[in-house]
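Peer 1: 3D model of this:
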Amino acid sequence: MQNDINTCGHTQWFYFRVLNTKAGHQVKFNILNYSKPDSLFNYGMKVSVYSEKRALQDKVSWHKCGENIKYSQNGIKKDPENPFSKQYFTLTFTHTFTHDNDAVLFAYSIPYSY
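Peer 2: Numbering: from 1, shown residues only. Just a heads-up that it's a prediction; the model follows:
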């Protein structure tokens, strides 16, 4: 993760795509290097997901999804040489793909352009 622009070093947003999926396969994602000590993911927030095939076939746009969502400290220090250095956090979640050969997008929240 890179720092969010115009912040004091916090990172929170993510947006990525997975291609060539297989229906029924569950994948575990770990997003590292968060610096905030807590997240809305610990209070029920889910990941925003968009499946190109599901949008075409079922007319489902961006929606909230993800299982086993966990945001926790990961033991990696910002400065390994400093014993008092702050530690990074990791967002972990799993997702089960519903279509073969799909393009699935994942985001912290639904992109505002939509």
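
Peer 1: Pro37 is in contact with Tyr88, isn't it?
Peer 2: No: using CB atoms under 8 Å, Pro37 makes no contact with Tyr88, being 10.4 Å away. Backbone N, C-alpha and C define where each C-beta goes, glycine included.

Peer 1: list residues touching both of these two?
Peer 2: Gln73 (CB atoms under 8 Å, 6 or more residues apart in numbering).

Peer 1: These two: who's more crowded?
Peer 2: Comparing Pro37 with Tyr88 by other CB atoms under 10 Å, the one with more neighbours is Tyr88, at 17 against 10.

Peer 1: Local confidence estimate at that one?
Peer 2: Predicted confidence (pLDDT) for Tyr88: 90.

Peer 1: swap in Asn33?
Peer 2: Listed pLDDT for Asn33 reads 86.

Peer 1: these two touch, right, it and Tyr88?
Peer 2: Yes: contact criterion CB under 8 Å: Asn33 and Tyr88 qualify, at 5.0 Å.

Peer 1: overlap in contacts of those two?
Peer 2: Joint contacts of Asn33 and Tyr88 (CB under 8 Å, 6+ apart) are Ile76.

Peer 1: Surely Tyr88 and Ile31 touch.
Peer 2: No: between Tyr88 and Ile31 there is no contact under CB under 8 Å: 10.7 Å.

Peer 1: The closest residue to Tyr88 other than its chain neighbours: what's it in contact with?
Peer 2: Nearest residue to Tyr88 in three dimensions, chain neighbours excluded: Ile76, at 4.6 Å (CB to CB, 6 or more residues apart in numbering). Contact analysis of Ile76 by CB under 8 Å, 6+ apart lists 32-33, 87-88.

Peer 1: Among those, which ones are in strands?
Peer 2: The members of the contacts of Ile76 that map onto strands under DSSP state E are 32-33, 87-88.

Peer 1: Could I have the buried ones of those as PyMOL selection syntax?
Peer 2: Here is the PyMOL command that selects the buried residues among the ones in strands among the contacts of Ile76 (16 or more other CB atoms under 10 Å):
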select buried, resi 88
